[in-house]
Structure formats: structure tokens, C-alpha cells
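*Asks:* this one's sequence-less:
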């Protein structure tokens with residue numbers, strides 16, 4: 001997608017006139033960490049990359065110890081807090097379903 005964005009002269013997919021294209025829709029549907037892809041693109045356009053990045057850092061951080069976790073960490077990788085972060089709290093059912101389809 002980076003190559004496509006560069007060819008079209010945009011910094012990220014959300015700036016493209018073809019957004020969201022079929023390639024991006026297929027990409028989004030494939031993995032649990034992409035659940036909020038559309039929301040993220042809209043937030044970047046609205047608030048800018050730096051603000052979005054700070055928000056995502058908080059969104060994926062453990063509320064107990066501050067460790068940044070991934071969408072695949074149902075428990076915090078450092079302290080064991082469950083859920084590992086706000087993202088997992090919001091999307092645990094879908095993460096579990098999508099992760100099961102990858103096996």
C-alpha cells in the first residue's frame with residue numbers, strides 16, 4: 001500500500017480519491033489488529049498523525065503498568081492485566097474470532 005500511495009502522491013490511503021479501495025478492504029478484514037483501520041484513517045485526517053499516534057499509544061497501553069501491548073495480547077505481556085489494553089477490551093470477541101480463522 002505504501003507503493004500505491006506514493007504512486008498516487010498521497011501520504012496515506014485516507015487521502016486517496018479511491019479510498020477505501022477493494023485492496024484496502026481485503027487488507028482490513030484479514031487481521032485483528034486492523035479492526036479500527038477506517039476509524040484511524042479518519043482520525044489522522046481530522047487530527048493529524050502526531051495526535052493519532054499519541055492516542056493509539058494510550059489505546060494500546062496497559063491501564064495498570066503502562067506497557068504497550070498488541071491486539072493479540074489478550075493479557076498484558078508484562079503484568080498479566082486482563083484485558084491488556086482498551087483496544088482489546090473493546091474488540092476481544094472479534095479479535096478472538098479473527099485469530100481463530102488464521103489457524
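*Replies:* Right, received. Where do you want to start? Quantities reported herein were computed from a predicted structural model and do not represent experimental measurements.
*Asks:* close enough to count as contact, residue 40 and residue 53?
*Replies:* No. At 10.1 Å, residue 40 does not count as touching residue 53 under the criterion of Cβ atoms under 8 Å. C-beta coordinates here come from the backbone N, C-alpha and C atoms, glycine included.
*Asks:* Which of those two has more residues huddled nearby?
*Replies:* residue 40 (17 against 12; other Cβ atoms under 10 Å).
*Asks:* Quick check: closest non-adjacent residue to residue 98.
*Replies:* Spatial nearest neighbour of residue 98, excluding adjacent residues (Cβ to Cβ, 6 or more residues apart in numbering): residue 32 at 4.3 Å.
*Asks:* do the same with residue 69
*Replies:* residue 84 (3.9 Å).
*Asks:* for that neighbour, helix, strand, or coil?
*Replies:* Classification of residue 84 by DSSP: H, G, I helix; E, B strand; the rest coil places it in coil.
*Asks:* again with the one 3 residues further on
*Replies:* Reducing the assignment to helix, strand or coil with three-state DSSP, the entry for residue 87 is helix.
*Asks:* in this structure, which helix or strand is least confident?
*Replies:* Across the helices and strands of the chain, mean pLDDT, DSSP states H and E gives its lowest value to helix 86-102, namely a mean of 84.
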